[in-house]
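Trainee: When you get a sec, could you give me coordinates for this:
(one chain, ligands or ions: 2)
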Amino acid sequence: MIPFDNSRLRQFRSLLFLPASNPRAIEKARTLDADLVILDLEDAVREEDKDSARAAAIEATAQGFAGKPVAIRVNSKGSPHFGADYACVRKSKADYVVLAKVDTPKEIHDARSLMERPVMAMIETPRGVLDAVAIARDAAAFIAGTNDLSASLGIPDGAGRSGLAYALQRIVLAARAAGIAAFDGVYNRLESDEGLAAECVEGRAYGFDGKSVIHPSQIATVNRIFAPSPQEVEAARRLIEAAGGGAERHDGRMIEDLHVAQARALLAKAGG
Ligand SMILES: CC(C)(COP(=O)(O)OP(=O)(O)OC[C@H]1O[C@@H](n2cnc3c(N)ncnc32)[C@H](O)[C@@H]1OP(=O)(O)O)[C@@H](O)C(=O)NCCC(=O)NCCSC(=O)C[C@H](O)C(=O)O
Ligand SMILES: [Mg+2]
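Mentor: Ligands and ions are numbered 1, 2, ... in the order given. Next up, the predicted model:
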C-alpha cells in the first residue's frame, strides 16, 4: 500500500473541483491559489465526454499544476466507468485519487491497491456516513458530498444544512478517530460571498480542515477562513510562551498541555 503524508493533507484549505473535460478551466487552475486541484471524471462530465476527459486528465497531470498537488475524482466502484477511470489514474501523474460515493471500507481498500495512490473518500451516501468509522481506516482523507447527501436524505433544495448536521459531525468524528483530514462540501451558489463565508465559518466550527470549491471566485474566501487569523496566530504564540505545564491561568482562562498542542497545530496550519 502507498503511504501518505497526513500532515500535508491537514494543511489544505481549498480543494478546487473542475471537470477534466474543460480545457479552459484546466489552464486557469494552473494560475489559481487552490491548495489541491481535483480533476473530475464523475458528475461534472457528460457521458459522451468521459473518454476525452480521461485523456485530458492524463495530459494535464503530466504537464502539472505549477507545483500544486493534483487529484483525479473517479466514478464509484459500482459505476460502468470505474474500470476505465482507474486505468486513467494508473497512467496519470495524479498525487491522489478521490473516490466518489464510497459506501464500504472494501471499496477504499481495493481502490488504494488498484490505483496505487492515497485515496480520498467522498462520504455522500447514507451508507457511507453510517460506515464512516470503518471507511476511514484505509482512506487518506474524507470529503463531504453535501449535494448527493442532501438529495438522498430528501432535504429540499434551499433548506439549509441543519438536516446534514449529524452527517457532517459523524464525518469529522470518524476522520479524527482515524487521524485523517476532513473537508467540507461545496457551496453551490456562485454569487453570494456572504453565504459562502458563513458556510466556511460553520464548516470550520464543525472541525473541518478545509472546504471544496467549484469556482475560482470562491478560493480566496475559503483560504482566508480556513487559515488561522493573525489574531489567532498571535494568541497561540503568547499561549505557548506563557505555558509552564499543568493547569494554569492565562489571559483570564484555564489552559493545560492540550491547549499548547492545539496552539502548535494552529501555528503549523498558519505556516510556522
Ligand atoms: C459552475 C460552473 C459550471 C460555472 O461555469 P461558468 O459560468 O462558465 O464560469 P465562469 O464563466 O464564471 O468562469 C470564469 C473563468 O473561470 C474558469 N473556471 C470556472 N470554473 C472553474 C473551475 N472550477 N476551476 C478552474 N477554472 C474555472 C472558466 O474557465 C473561466 O476562465 P476563462 O474563460 O479563462 O476566463 C463552473 O465553474 C464549473 O464547472 N465548476 C466546477 C464544477 C465541478 O467540478 N463539479 C463537480 C464537483 S462538485 C460535486 O460534485 C460535489 C459532490 O459530489 C456533492 O455531491 O456535493
Ligand atoms: Mg456527489
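
Trainee: Spell out which parts of the stretch 51-200 of the chain neighbour ligand 1.
Mentor: 122, 124, 145, 146, 147, 148, 185, 186 (Cβ under 6 Å from any ligand atom). To be clear about C-beta, it is placed using only N, CA and C from the backbone, and glycine gets the same treatment.

Trainee: any chance of those in CSV, plus pLDDT, neighbour count and distance to residue 36?
Mentor: Shown next, in CSV, are those (pLDDT from 0 to 100; neighbours: other Cβ atoms under 10 Å; distance: Cβ to Cβ, whole Å):
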residue, pLDDT, neighbour count, distance to residue 36
122, 98, 24, 14
124, 98, 25, 18
145, 98, 28, 16
146, 98, 23, 18
147, 98, 14, 19
148, 98, 19, 20
185, 98, 26, 15
186, 98, 20, 14
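
Trainee: Those in helices, which ones?
Mentor: 146, 147, 148 (DSSP state H).

Trainee: Next up, the contacts around the last one.
Mentor: Residues in contact with residue 148 (Cβ atoms under 8 Å, 6 or more residues apart in numbering) are 101, 122, 124, 125.

Trainee: Closest to residue 139 out of those?
Mentor: Nearest to residue 139 out of the contacts of residue 148 is residue 122 (Cβ to Cβ; 9.9 Å).

Trainee: quick one: the strands in the protein?
Mentor: 14-19, 36-40, 70-74, 96-99, 119-123, 141-144, 181-184, 210-213, 248-250, 253-255 (DSSP state E).

Trainee: To residue 172, which of those lies closest?
Mentor: For the strands of the chain, proximity to residue 172 was assessed by Cβ to Cβ; strand 181-184 is nearest, at 5.0 Å.

Trainee: Relative to that closest one, what are the paired strands and their orientations?
Mentor: As defined by DSSP bridges, the strand partners of strand 181-184 come to strand 141-144 (parallel), strand 210-213 (parallel).

Trainee: Now find how far off-centre the first one is within its chain.
Mentor: The reference is to strand 141-144. 5 Å (Cα atoms, centre = their mean, to the nearest Å).

Trainee: Quick one: low-confidence residue ranges for the chain.
Mentor: Counting by pLDDT under 70, the chain contains low-confidence residues at 1-2, 272.

Trainee: center of it - which residue?
Mentor: residue 183 (3.5 Å; Cα atoms, centre = their mean).

Trainee: Surely that one is in contact with residue 144?
Mentor: Yes: contact status for residue 183 versus residue 144: in contact at 6.9 Å, counting by Cβ atoms under 8 Å.
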